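Engineer: here's my sequence, what's the structure:
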Amino acid sequence: MRRRYTEILSSFILRSAQQEEALHRIWYALKRFKASRLPLRGGPFLLFL
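Structural biologist: Numbering: from 1, shown residues only. Purely as a prediction, here's the structure:
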(Lines give C-alpha, C1' and ligand atoms only; values in the text may rest on other atoms or scores of the structure.)
Protein backbone atom coordinates (compact mmCIF):
# COMPACT_ATOMS: atom_id res chain seq x y z
CA MET A 1 0.00 0.00 0.00
CA ARG A 2 2.78 2.44 0.90
CA ARG A 3 4.58 1.73 -2.35
CA ARG A 4 1.48 2.61 -4.37
CA TYR A 5 1.18 5.89 -2.44
CA THR A 6 4.77 6.84 -3.26
CA GLU A 7 4.24 5.94 -6.93
CA ILE A 8 1.18 8.18 -7.12
CA LEU A 9 2.96 10.99 -5.28
CA SER A 10 6.06 10.83 -7.49
CA SER A 11 3.87 10.72 -10.60
CA PHE A 12 1.98 13.79 -9.38
CA ILE A 13 5.22 15.67 -8.67
CA LEU A 14 6.58 14.78 -12.12
CA ARG A 15 3.39 15.96 -13.84
CA SER A 16 3.40 19.18 -11.80
CA ALA A 17 6.99 19.90 -12.82
CA GLN A 18 6.17 19.20 -16.47
CA GLN A 19 3.16 21.52 -16.33
CA GLU A 20 5.23 24.23 -14.70
CA GLU A 21 7.87 23.92 -17.41
CA ALA A 22 5.22 24.05 -20.14
CA LEU A 23 3.65 27.18 -18.62
CA HIS A 24 7.08 28.80 -18.40
CA ARG A 25 7.73 28.06 -22.08
CA ILE A 26 4.36 29.52 -23.07
CA TRP A 27 4.95 32.64 -20.94
CA TYR A 28 8.41 33.14 -22.44
CA ALA A 29 7.08 32.70 -26.00
CA LEU A 30 4.32 35.25 -25.37
CA LYS A 31 6.84 37.66 -23.88
CA ARG A 32 9.07 37.35 -26.97
CA PHE A 33 6.06 37.75 -29.28
CA LYS A 34 4.94 40.88 -27.44
CA ALA A 35 8.45 42.35 -27.56
CA SER A 36 8.71 41.70 -31.29
CA ARG A 37 5.49 43.65 -31.90
CA LEU A 38 6.51 46.79 -30.00
CA PRO A 39 6.53 49.92 -32.15
CA LEU A 40 9.79 51.42 -33.29
CA ARG A 41 11.35 54.01 -31.03
CA GLY A 42 9.92 57.36 -31.99
CA GLY A 43 6.63 55.95 -33.16
CA PRO A 44 5.35 55.09 -36.61
CA PHE A 45 6.20 58.53 -38.03
CA LEU A 46 9.85 57.55 -38.41
CA LEU A 47 8.83 55.21 -41.20
CA PHE A 48 7.87 58.17 -43.39
CA LEU A 49 11.00 60.31 -42.86
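
Engineer: all contacts plus neighbour counts: C-alpha atoms, from now on.
Structural biologist: Noted.

Engineer: where along the protein do the helices fall?
Structural biologist: 2-36 (DSSP state H).

Engineer: where does the prediction get shaky in it?
Structural biologist: Applying pLDDT under 70 to the chain flags the ranges 1, 38-49.

Engineer: separation between F12 and A35?
Structural biologist: 34 Å (Cα to Cα, to the nearest Å).

Engineer: same thing with W27?
Structural biologist: In terms of Cα to Cα, W27 sits 12 Å off from A35.

Engineer: kindly report the same for Y5.
Structural biologist: 45 Å.

Engineer: same check on R25?
Structural biologist: 15 Å.

Engineer: repeat that for E7.
Structural biologist: From E7 to A35 the distance is 42 Å (Cα to Cα).

Engineer: ok, I13 next?
Structural biologist: For I13 relative to A35 (Cα to Cα), the value is 33 Å.

Engineer: kindly report the same for R4.
Structural biologist: Distance, R4 to A35, using Cα to Cα: 47 Å.

Engineer: check I26 too.
Structural biologist: 14 Å.

Engineer: same question, H24
Structural biologist: 16 Å.

Engineer: ok, L9 next?
Structural biologist: With Cα to Cα as the criterion, L9 and A35 are 39 Å apart.

Engineer: R2 now?
Structural biologist: 49 Å.

Engineer: the more surrounded of these two?
Structural biologist: A35 (10 against 7; other Cα atoms under 10 Å).
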